[in-house]
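**Student:** How does the following fold in three dimensions:
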Amino acid sequence: MDEQKAGGERKPTGDVGVALVLPREDDMPSTELASSAPTPSPVVEVALPPGLSPGSTQERILIVIPCLNEAAFIGSVIADLLRDAAAQDGLIVVADGGSTDGTRDIVAKIAAADPRVKLLPNPQKFQAPGVNHAVRAFADGFTWLARIDAHAHYPPNYVADLVAEARKTGATSVVVSLDAHGDNPFQRATAAAQNSRLGAGGSPHRRKDAHGWVDHGHHALFRTDAFRAIGGYDEGFTHNEDAEFDRRLTDYGGRIWLTDQVSVVYHPRSEPGALWRQYVNYGSGRARTILKHRMSLKIRQMLPAAVAPAVLAAPFSVLFWPAGLPALLWAAASMAYGAILGLKARDPAVLLCGAVAMEMHLAWSIGFWREVLFGRRRGAAPTPHGTTPVRPAE
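**Tutor:** So this is what the prediction gives:
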């Protein structure tokens with residue numbers, strides 16, 4: 001593995017201690033990857049939050065899979081993880097949110113044959129409480145925490161490679177890129193949109209070759225002591241809990257490394273209704289994170305946020321014709337971009353990715369504005385300052 005690549009310098013650090021360093025605020029990336037300059041300098045020492053104790057010298061790894069109705073994937077995901085070098089002295093916990101499709105039976109059968117696998121009920125169903133519950137129940141003695149999503153495919157030794165990256169860079173958290181792959185035509189169109197700027201807005205973790213220090217990415221690995229110390233995931237979030245967590249982690253001086261050494265193959269939703277619900281929830285979750293932390297929208301978030309207002313304004317073009325221009329330009333640009341992607345891919349299904357991206361944009365925008373305008377009225381406000389520390393009960 002190269003010690004240096006364009007996008008950031010990697011320096012072997014040996015054992016990773018708990019002393020965290022954070023570039024001064026004006027050196028930190030706000031929306032994209034850090035620059036390709038060597039390790040940021042100057043740095044300042046950051047006091048650790050209460051409860052962040054020295055890490056164990058044993059490099060044991062707790063692997064948590066929060067899931068709900070993933071019978072089609074869960075068996076193969078666990079099988080891949082059990083072959084991972086990191087799992088030999090680790091523990092795999094499946095936090096199941098009440099699956100009704102046979103997922104629990106599959107996991108129970110595997111657990112009965114291999115003590116490295118545990119099935120843990122997750123009555124709250126969502127991923128954030130599932131991971132937190134697993135940490136409370138099992139994390140003592142584990143230096144690292146790996147989060148695995150069941151709706152994906154992982155390369156050999158995925159977790160071991162994540163730990164190697166964390167040790168090499170000194171990162172508190174390692175995040176990965178997502179590479180969406182589809183089977184049926186709708187999935188292929190969705191994957192093409194999600195892998196492009198049209199659907200992802202240039203997010204670093206949607207680019208295969210991206211690496212460097214970031215403010216957010218697809219969650220993969222954490223130092224367990226740091227995860228516990230900042231309270232784990234905010235369980236008031238059903239979606240976007242990862243971005244909210246990353247904001248708190250970086251506020252406390254944690255550093256997040258986006259690796260290009262491993263990536264995750266993600267399986268998109270297979271039909272329009274499921275995709276719509278997913279992106280409404282994404283938009284709602286992003287709004288809650290922004291409101292909780294009083295953040296500003298990034299450019300790549302401003303554009304989809306403007307879609308719902310543009311669509312609402314379009315009918316008024318019969319009275320004032322410019323009112324329809326924003327929606328018309330959005331639709332034309334999306335369809336044109338999708339057509340270009342389809343021609344490049346030589347796949348008729350990908351020609352539809354412009355329309356699929358429009359669905360994603362509109363759903364995200366509706367979810368965003370619904371949360372901004374009505375979220376607190378629905379009693380859906382996130383907790384004001386993180387969560388209860390994720391530590392074992394006394």
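**Student:** Tell me the first helix or strand C-terminal of the helix or strand bottoming out on mean pLDDT in the chain.
**Tutor:** For the chain, counting by mean pLDDT, DSSP states H and E, strand 43-45 ranks last in confidence among helices and strands (a mean of 28). Tracing the chain C-terminally past strand 43-45 and defining elements by DSSP states H and E, one meets strand 61-67 next.
**Student:** Check the offset of that next one from the chain's centre.
**Tutor:** In terms of C-alpha atoms, centre = their mean, to the nearest Å, the centre of strand 61-67 is set 14 Å apart from its chain centre.
**Student:** helices or strands up against it?
**Tutor:** Contacts defined by 3 or more C-beta pairs under 8 Å, 6 or more residues apart in numbering; DSSP states H and E place strand 61-67 against helix 74-82, strand 91-96, helix 127-138, strand 144-147, helix 158-169. C-betas here are computed from N, CA, C, even on glycine.
**Student:** Of those, give the one that comes closest to residue 228.
**Tutor:** Checking the helices and strands packed on strand 61-67 against residue 228 by C-beta to C-beta gives helix 127-138 as the closest, at 6.6 Å.
**Student:** Return the set of buried residues in that closest one.
**Tutor:** 127, 128, 129, 130, 131, 132, 133, 134, 135, 136, 138 (16 or more other C-beta atoms under 10 Å).
**Student:** Make CSV from the residues you listed and add pLDDT and distance to residue 251 to it.
**Tutor:** Compiled in CSV, the buried residues of helix 127-138 are given as follows (pLDDT from 0 to 100; distance: C-beta to C-beta, whole Å):
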residue, pLDDT, distance to residue 251
127, 93, 22
128, 94, 18
129, 95, 22
130, 96, 24
131, 96, 20
132, 97, 19
133, 96, 24
134, 96, 24
135, 96, 20
136, 96, 23
138, 95, 27
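**Student:** for the protein, what are the low-confidence residue spans?
**Tutor:** 1-58, 202-208, 376-394 (pLDDT under 70).
**Student:** Please repeat the previous calculation with a cut-off of 80.
**Tutor:** 1-58, 200-210, 300, 375-394 (pLDDT under 80).
**Student:** for it, which strand is longest?
**Tutor:** strand 256-266 (DSSP state E).
**Student:** So what's the gap between that strand and the chain middle?
**Tutor:** With C-alpha atoms, centre = their mean, you get 11 Å for strand 256-266.
**Student:** neighbouring strands for it, and are they parallel or not?
**Tutor:** strand 152-153 (antiparallel), strand 173-180 (parallel), strand 212-214 (antiparallel) (DSSP bridges).
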